[in-house]
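Enquirer: below is the sequence, then the predicted model.
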Amino acid sequence: MGNTDVRVRGLAARAGGWSARHRWAAVGIWVLFVVLAMGLGSAAGRVDVDESDQLKGETHTAAKIIEDAGIEQPAGETVLIQSRDGALKATSGEFRAAVDAVVEAVDGTGKVTHVTSPYDTRAISRDGRTALVQFDMRGDAETAADRVEPVLDAVAGAQKAHDGLRIEEIGGASMNKQYQDAFGDDFQKAEYSAVPVALGILLIAFGALVAALLPVALAVTAIMATMGLMGLVSHVQPMSDTANSVMLLVGMAVGVDYCLFYLRREREERDAGRDAGTALRIAAATSGRAIIVSGVTVCVAMAGMLFTGLAEFEAMGLASLMVVAVAMVGSVTVLPALLSLLGERVEKGRIPFLGRRRRRGGTGESRFWTAVLRGVLAKPLVSVVVAAGALLAVAAPALGMKTQQLTLDQEFGNSLPIVQTYDRLNEAFPGGSEPAQVVVGAKDIGAPEVQRALADFKQRAISSGASRGPVDIKVHRAQNVALVSVPLVGGSDMDRAVKSLDKLRDEVRPATLGRVEGVEAPITGQVAGNHDFNDQLVGSVVPVFVFVVVFAFLLMLLSFRSLTVAITSIVLNLLSVGAAYGILVAVFQHGWGASLVGAEGVGAIVTWLPLFLFVILFGLSMDYHVFVVSRIREARLRGRSTKDAIRHGVVTTAGVVTSAAVIMVAVFGIFGTLSMQSMKQMGVGLAAAVLIDATVIRGVLLPAVMALLGERNWYLPKWLHRLPDLTHDESPEPAAPAPVRDEGERLTV
């Protein structure tokens, strides 16, 4: 077979061939698509997830009652006034003077309403050393943080005038303001850092500026197009800022990876003696196909988030699915067109030392992984036992995983002054910073039986031990709604607070409000919302798990026509995810080595992370798996022995897998540097899992397991032979050296 006599088939090969033949059309269509998507998305605007749609169950019902009644809930703020040394009590003249000064100062700003004195509301702690001035911010609660600064300045002025007391403000608006000031730029810095970090690593990998810019350009344009599509899709499935950040994270990772796989294969074929057109066809048929298989698998994994029933997760899943699909299409269409247009100019901006390094030999084989594989393939059973045993040991802490929504002090530690205020408030008024709210809806809220039930509920909430009071009831007669605020015993201790919540829901409510016909009384609030979110998320684990695993298995089965490859793919991926879970629990729950990543043990993993990590990692790990196994299968079909095919497949892909993994680890690691514990957990978990997957799994366990299985790797029962054949015809071994090319030579396919 001659140098250009290569028979290829399949969607990726046809797409690559068409793009190379119509290169200007392919580039023009891509640019038009990106511009149109951004323009239409900007014109349509983005609809974000509404708070009332975040959860189902009682939290959702309560939000709907308030929304339907048209009740505007302002942002509530509290000023804590506390004796510093414990000597002053609320009954003293100095304490009263401070309270009056605070009331006058905040009311004088003109930014607040309903200012109440603790002497009127009895918001004084049991020991008499702490009191609360409470008020509401004027205007929309969602934008209250933008207007709270004059109030904070007024409180600071009162503090300066009364040194013997601690005077501090806390509430939704002030917390958001301090959070924005301290961490508002964190996400932007992380997002902006991802591009130069990826570009720097690609420069080292390719040794040429133009070649390094191609993957970044593809990833960035895919992200831009997806941002526009999110605006359009949000009118059907609302989106969110969190979904946008996750989309950027996933888009940068897969966009760079897919382009890297394609570009490295094309260069490898040219270095091995192929002419430009043949090298591009082979890259399209092999790496292009691997990109499609991997992309579809990642999309399926991301689609698993749609089964949670949680609006935020559904938004993240759909946004991630879209950016992967866009990056996949771009990689198999516009990329071959650009390679055809650039020709030898893809080597422009070559870094001398790095540019020379890849020319040595042209085999694309890694010396390091060649040495590792020699030992692994010599003793595959020992390698499996050692590597699997090590990963199982790392995964072991995951058996004791505890998940919960992190409280303010767990999320930020002592890095924010308001966290200390939060702790002091909870100590003086347990549950006061995060009270439960009972939303009571009735046909006639003023009816005697309803009023008696409300009074009875207030009394029983305290006598049952669920609350120490004060229980506040605010009646909206025109809307026939009452809002009951109940501080929960337990405060910031979530386990105790949830027990108090259960008492309210299961004991107090049925015995009081539950006895009045036609009365709805869902219980919401921060603790209730976190509890309901956790329950709903736990309930969705099985369907999401089954969906992702079953569809990933079927895709591997159809793509490789091997039952063995499909099974080993799933098992190895689960082992990788388990090891990531173990690291998370060890570092963030138990605090083992937490200081090494600038974190601390907070006793729990944030609720949403385990399922999120499973979906993301299961999808992304298929990038490497499909790429490596495709090369092994390709070498086997060329006539190599199974062991030699394994060695060839792993060592020839080691460079690109390492480069891709380093980029992912670096990008995810950036998120591990953020100040919020939940972001640290996400960044460290993703980075650790990718590192394990690209080294221990793909470099040791996969080749060792395949070596032990031998020819059984390609086993497909006869009754499965009728399955669709999604494999491709592999390229033959390169033979002749490539002719000398002029810069800018057109590649014809």
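Expert: All right, it came through fine.
Enquirer: what's the single longest helix in this structure?
Expert: helix 526-560 (DSSP state H).
Enquirer: so which elements touch that helix?
Expert: helix 58-69, helix 287-303, strand 403-404, strand 436-441, helix 494-503, helix 563-584, helix 609-637 (3 or more CB pairs under 8 Å, 6 or more residues apart in numbering; DSSP states H and E). Quick note: C-beta positions are derived from backbone N, CA and C, even for glycine.
Enquirer: what residues of it count as buried?
Expert: 526-534, 536-537, 540, 544-545, 547-549, 551-552, 555-560 (16 or more other CB atoms under 10 Å).
Enquirer: deepest-packed of the helices and strands packed on helix 526-560, please.
Expert: Of all those, helix 287-303 has the most neighbours on average by mean count of other CB atoms under 10 Å, namely a mean of 26.
Enquirer: still on that earlier bit, mean pLDDT lowest for which of the helices and strands packed on helix 526-560?
Expert: Lowest mean pLDDT within the helices and strands packed on helix 526-560: strand 403-404, a mean of 82.
Enquirer: so what's the gap between it and the chain middle?
Expert: From the chain centre to the centre of strand 403-404 is a distance of 16 Å (CA atoms, centre = their mean, to the nearest Å).
Enquirer: not counting the next helix or strand after it itself, show me its contacts.
Expert: For strand 403-404, the following helix or strand on the C-terminal side (DSSP states H and E) is helix 408-412. With contacts defined as CB atoms under 8 Å, 6 or more residues apart in numbering, helix 408-412 is touched by 175, 418-419, 422-423, 492, 602-604, 675-678.
Enquirer: tell me the first helix or strand C-terminal of helix 408-412.
Expert: helix 417-428.
Enquirer: give me the pLDDT for the spatially most central residue of the chain.
Expert: Of all residues in the chain, the one closest to the mean position by CA atoms, centre = their mean is residue 246, 5.0 Å from it. Residue 246 carries a pLDDT value of 83.
Enquirer: relative to helix 609-637, how tilted is the stretch of helix or strand it belongs to?
Expert: For residue 246, the element it lies in under DSSP H and E is helix 241-271. If you take axes from the mean of the first three to the mean of the last three CA atoms, to 10 degrees, helix 241-271 sits at 10 degrees to helix 609-637.
Enquirer: returning to what we had before: same list (the contacts of helix 408-412) but as CSV, adding pLDDT.
Expert: Converted to CSV, the contacts of helix 408-412 look like this (pLDDT from 0 to 100):
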residue, pLDDT
175, 85
418, 81
419, 82
422, 84
423, 83
492, 65
602, 82
603, 85
604, 87
675, 74
676, 79
677, 83
678, 82
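Enquirer: which one of these is nearest to residue 130?
Expert: residue 423 (12.4 Å; CB to CB).
Enquirer: what about the closest one, distance to residue 246?
Expert: 31 Å (CB to CB, to the nearest Å).
Enquirer: same thing with residue 574?
Expert: 22 Å.
Enquirer: swap in residue 347?
Expert: For residue 347, the distance to residue 246 - CB to CB - is 35 Å.
Enquirer: ok, now residue 538?
Expert: When residue 538 is compared with residue 246 (using CB to CB), they lie 21 Å apart.
Enquirer: element containing the closest residue to residue 691 other than its chain neighbours, please.
Expert: Of all residues not flanking residue 691 in the chain, residue 665 sits nearest, at 5.3 Å (CB to CB, 6 or more residues apart in numbering). Residue 665 belongs to helix 642-671 when assigned by DSSP H and E.
Enquirer: quick check: next helix or strand after that helix?
Expert: Past helix 642-671, the next helix or strand by DSSP H and E is helix 677-692.
Enquirer: against which helices or strands is that next one packed?
Expert: helix 408-412, helix 563-584, strand 605-606, helix 609-637, helix 642-671.
Enquirer: could you rerun that using 6 Å?
Expert: On a contact count with 3 or more CB pairs under 6 Å, 6 or more residues apart in numbering; DSSP states H and E, helix 677-692 meets helix 563-584, helix 609-637, helix 642-671.
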